[in-house]
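Student: Got a predicted model here, sequence first, then my questions.
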Amino acid sequence: MELLEKTEEVRRELLKHFEEKIERGDAIEPRDKMPDAYRKHLIRQMSQHAHSEVIGMQPEGNWITRAPSLRAKQILLAKIQDEGGHGLYLYSAAETLGISRSEMIAQLHSGKAKYSNIFNYPALTWADVGAIGWLVDGAAIVNQVSLQRTSYGPYSRAMVRICKEESFHQRQGYEIMTTMMRGTKDQQEMAQDAMNRWWWPSLMMFGPHDSESPHSGDAVKWKIKRHSNDELRQKFIDKTVQQAQVIGLKIPDTDLKWNESKGGYDHGAIDWNEFYRVISGNGPCNKQRMEHHKKVHNEGAWVREAAEAYRMKQEKKLIHL
Amino acid sequence: MAVDSQLASWEVFMQSKPGANYIHAGGVHAADKNMALQNARDTYTRRGEGTSIWVVPTDAIVASNPDDNDMLFDPANDKVYRMPTFYTMPEGAKAI
């Protein structure tokens, strides 16, 4: 009993020390003591973030062989390679919390870990590649700029690196939309159609409204999260509406209007039923995305085995020298 | 089939331009040092971020324990004479 009280006292003391550090604005580094809940929250968030980068390669990868020009193809390849790279930055940052990349991938495959819901939608036309870069990466940037100041050092540093690279992604998407809006009537309609399909899912990327967000309490207190879901969503809407207007795209929201008093746009109701339907596995591409990841992972196993075998052979050679 | 391996973990240090310090960039997974170097190149220098790379096996890094911070880093505070501002220079002395 006495021992239990003692442990509880130590735990409280450590938590106090940790929260003072957070309060001062100090970054938390891998070897620092941290509450289990902080570690768990970060592993969940960072692995989900890493998985999203990697799964996000699929809808765009679908268009590499059908890109309309060599220029477009080179750009798309570079962008998708970046997404893979971003996944790797984040996996290695998450590994500093004591979880291995194998475990994270196993959790993705078992369904325990999630990835961003947005990638459960298909990229149906070339305009979708534009919409993904402009809207989906645009929304991701708003979130990631905010995360550059997250309290966990390795996560924050990965975000700084990612943000430097993301703005190219958004610009290439916006350029595709611009080109199509200056094109034929069919091309304009195709761009507007992509806009109509990606707008609402992009708004959903920021997660439930603040009043409904289940993970926010500690995440805000411990400065993992620096802005609320609704704040970030507002920021995204306010900058994107103007960009749409410039190239003549309509925002598919009849309730969207400028609110002078708050200096931002009011938007229509988000269909959260759709969000929960898709996130629980019933979106158009959930099954396809996971099956593809598992297939490629399993088919690549021999490469990893061969690399290990080669290393062991080289080490043996060294011993016999 | 053998247990699936994600290969060993390596830390990557990059020099941004000749003469600069090597700075930690992140990690990669690789079976051996050549693969680690190649993966570090592909992962961390897609935009000319560096002129030179070091890769080090993660388990070869020895890190100080934050619990020892007082012992390791505090003593400097009472040795202010190590700072140039500690010394009073005579009026009129230049370039010192």
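Tutor: Cool, the structure landed. Numbering: from 1, shown residues only, chains lettered A, B, ... in the order given.

Student: Within range of chain A, give me the residues from chain B.
Tutor: Selection of chain B residues close to chain A by Cβ under 8 Å from any Cβ of the partner chain yields B:1-2, B:4-7, B:9, B:25-32, B:35, B:42-44, B:46-47, B:63-66. (C-beta placed from N, C-alpha, C; glycine too.)

Student: Show me the shaky parts of the stretch 201-321 of chain A.
Tutor: Along the stretch 201-321 of chain A, segments meeting pLDDT under 70 span A:214-216, A:321.

Student: so who does the closest residue to chain B within it touch?
Tutor: Nearest residue of the stretch 201-321 of chain A to chain B (Cβ to the nearest Cβ) works out as residue A:307 at 3.6 Å. For residue A:307, the contact set (Cβ atoms under 8 Å, 6 or more residues apart in numbering or on different chains) comprises B:7, B:30, B:31, B:32, B:35.

Student: contacting residues around the fourth one?
Tutor: Looking back up the chat, that one is residue B:32. So residue B:32 contacts A:307, A:310, A:311, A:314 (Cβ under 8 Å, 6+ apart).

Student: Redo those as TSV? Include distance to residue A:184 and secondary structure.
Tutor: Listed next are these as TSV, based on distance: Cβ to Cβ, whole Å; DSSP: H, G, I helix; E, B strand; the rest coil:
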residue	distance to residue A:184	secondary structure
A:307	50	helix
A:310	54	helix
A:311	56	helix
A:314	58	helix
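
Student: Mind putting those residues into CSV with distance to residue A:162?
Tutor: Shown next, in CSV, are the contacts of residue B:32 (distance: Cβ to Cβ, whole Å):
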residue, distance to residue A:162
A:307, 27
A:310, 32
A:311, 30
A:314, 34
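
Student: Just the buried residues of the lengthiest helix in chain A, please?
Tutor: Looking across chain A with DSSP state H, the single longest helix is helix A:153-181. For helix A:153-181, the neighbour count (16 or more other Cβ atoms under 10 Å in any protein chain shown) marks A:153-159, A:161-163, A:165-166, A:168-170, A:172-181 as buried.

Student: Do I have it right that residue A:218 meets residue A:38?
Tutor: Yes: contact criterion Cβ atoms under 8 Å: residue A:218 and residue A:38 qualify, at 7.4 Å.

Student: out of the buried residues of helix A:153-181, who's near chain B?
Tutor: A:157, A:158, A:161, A:165.

Student: How about the residues of chain A by chain B?
Tutor: So chain A meets chain B at A:29, A:31-33, A:78, A:81-82, A:85, A:88-89, A:92-93, A:95, A:100-102, A:105, A:157-158, A:161, A:165, A:301, A:304-305, A:307-308, A:310-311, A:314 (Cβ under 8 Å from any Cβ).
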